[in-house]
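Undergrad: no sequence on this one, just coordinates:
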């Protein structure tokens, strides 16, 4: 049972952007290099995060992204809901099931999903940014990323 | 967020086998036709259900499968645990994350999964077999399946 790659990338992106000093923008390239994320997938994720108001995005040479709203108001469960293609643990229609609609198992699986989401709805992005220095020490320094980018250009 | 196809097939198989009159075996072909399941996948699922004791399997012309233990002792959460390849909602290693091990988000996602599993652990297969006639009416009669098989041979 796994969340999709897009949800994974969305959460990593918000975490990294949230770790930056207030008011500072970060490039999509830098986010991708930090977390080994496919640039093409990441572009889609960042676009969606922007359109949903999670990120404030500015294009161009001096552009980049920053949080679009306070970390305290970014509920993890809502991000997961926004990025998952479905929250039904089993798709009774994709492999058509003759007892779909009559089977109580579907209801129980959805009850379990609600319990899963209830936990995630208890947390906001701010809960994961409480030790920014501790986390930033584990990430590549921005200068190394800039050098990597220069070597690739 | 979805369970794997194998878990889906395992649950459908147990449900159908559990709906049969006590002591009666059912063929794997019949299970597959009822639920539109790929025969090759289903064979693997039935083999695993047998090796884990959920099914009692007999090969051959007069063979088939029946429950290997009482429906009351088949806990849905345990079946899901046995068939899912992972219960971690995000794989921090597959796309390597530099803050894996330091990031508290991983712990919260696992807490959510425990809440999901706790609900499934409250139910046994017997909970879903309480209206067998009601469910059986929605399935193909065995005679039709036998005819289908004859037409395909």
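TA: Arrived safely, thanks for sending. Bear in mind the structure is a predicted one, so any value in this text is a computation, not a measurement.
Undergrad: Could you say whether the residue of chain A most remote from its centre sits in a helix, a strand or coil?
TA: The C-alpha centroid of chain A is most remote from residue A:98, which lies 36.2 Å away (C-alpha atoms, centre = their mean). Here residue A:98 is recorded as coil under DSSP: H, G, I helix; E, B strand; the rest coil.
Undergrad: Contact partners for it?
TA: Contacts for residue A:98 (C-beta atoms under 8 Å, 6 or more residues apart in numbering or on different chains) come out as B:34, B:35, B:138, B:139, B:140. Yep, even glycine has a C-beta here, placed from its N, CA and C like the rest.
Undergrad: would you list every one of the strands in chain A?
TA: Ranges of strands within chain A are A:55-58, A:64-67, based on DSSP state E.
Undergrad: Highest mean neighbour count across the ones you listed, which stretch is it?
TA: strand A:64-67 (a mean of 20; mean count of other C-beta atoms under 10 Å in any protein chain shown).
Undergrad: Which other helices and strands does that one contact?
TA: helix A:5-19, helix A:28-35, helix A:39-51, strand A:55-58 (3 or more C-beta pairs under 8 Å, 6 or more residues apart in numbering or on different chains; DSSP states H and E).
Undergrad: in chain A, what secondary structure element scores lowest on mean pLDDT?
TA: Least confident helix or strand of chain A, by mean pLDDT, DSSP states H and E, is helix A:142-152 with a mean of 59.
Undergrad: Okay, now the unreliable bits of chain A?
TA: Across chain A, residues meeting the criterion (pLDDT under 70) sit at A:95, A:140-153.
Undergrad: about what we covered before: which of the helices and strands packed on strand A:64-67 sits closest to residue B:26?
TA: Residue B:26 sits nearest to helix A:5-19 of all these, at 38.4 Å, using C-beta to C-beta.
Undergrad: Show me what that closest one is in contact with.
TA: By C-beta under 8 Å, 6+ apart, helix A:5-19 touches A:26, A:31, A:34-35, A:37, A:41-42, A:44-46, A:48-49, A:54-55, A:65-67, A:71, A:74, A:76, A:79-80, A:82-84, A:125-126, A:128-129, A:132, A:135-136, A:139, B:90-91, B:95, B:97, B:99, B:103, B:105.
Undergrad: thinking in terms of the whole chain, how far from its middle is that helix?
TA: Remark: helix A:5-19 is offset 4 Å from the chain centroid, using C-alpha atoms, centre = their mean, to the nearest Å.
Undergrad: between that helix and helix A:39-51, how big is the angle?
TA: Relative orientation of helix A:5-19 versus helix A:39-51 (axes from the mean of the first three to the mean of the last three C-alpha atoms, to 10 degrees): 70 degrees.
Undergrad: ok and helix A:5-19 relative to helix A:28-35, angle-wise?
TA: Between the axes of helix A:5-19 and helix A:28-35, defined by the same axes, to 10 degrees, the angle is 100 degrees.
Undergrad: could the helices and strands packed on strand A:64-67 be laid out in TSV, adding distance to residue B:61?
TA: Below are the helices and strands packed on strand A:64-67 laid out as TSV (distance: least, C-beta to C-beta, whole Å):
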stretch	distance to residue B:61
helix A:5-19	46
helix A:28-35	56
helix A:39-51	51
strand A:55-58	63
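Undergrad: ok, back up a step: show the buried residues in the contacts of residue A:98.
TA: For those, a neighbour count by 16 or more other C-beta atoms under 10 Å in any protein chain shown gives the buried set as B:34, B:35, B:139.
Undergrad: Which other helices and strands does the longest helix belonging to chain A contact?
TA: Criterion DSSP state H: the longest helix present in chain A is helix A:104-120. Other helices and strands packing on helix A:104-120, by 3+ C-beta pairs under 8 Å, 6+ apart, are helix A:76-83, helix B:104-120.
Undergrad: Name the residues that touch the first one?
TA: Translated: helix A:76-83. A:3-4, A:6-7, A:10-11, A:14, A:45, A:48, A:52, A:54, A:87, A:117-125, B:1, B:105, B:108.
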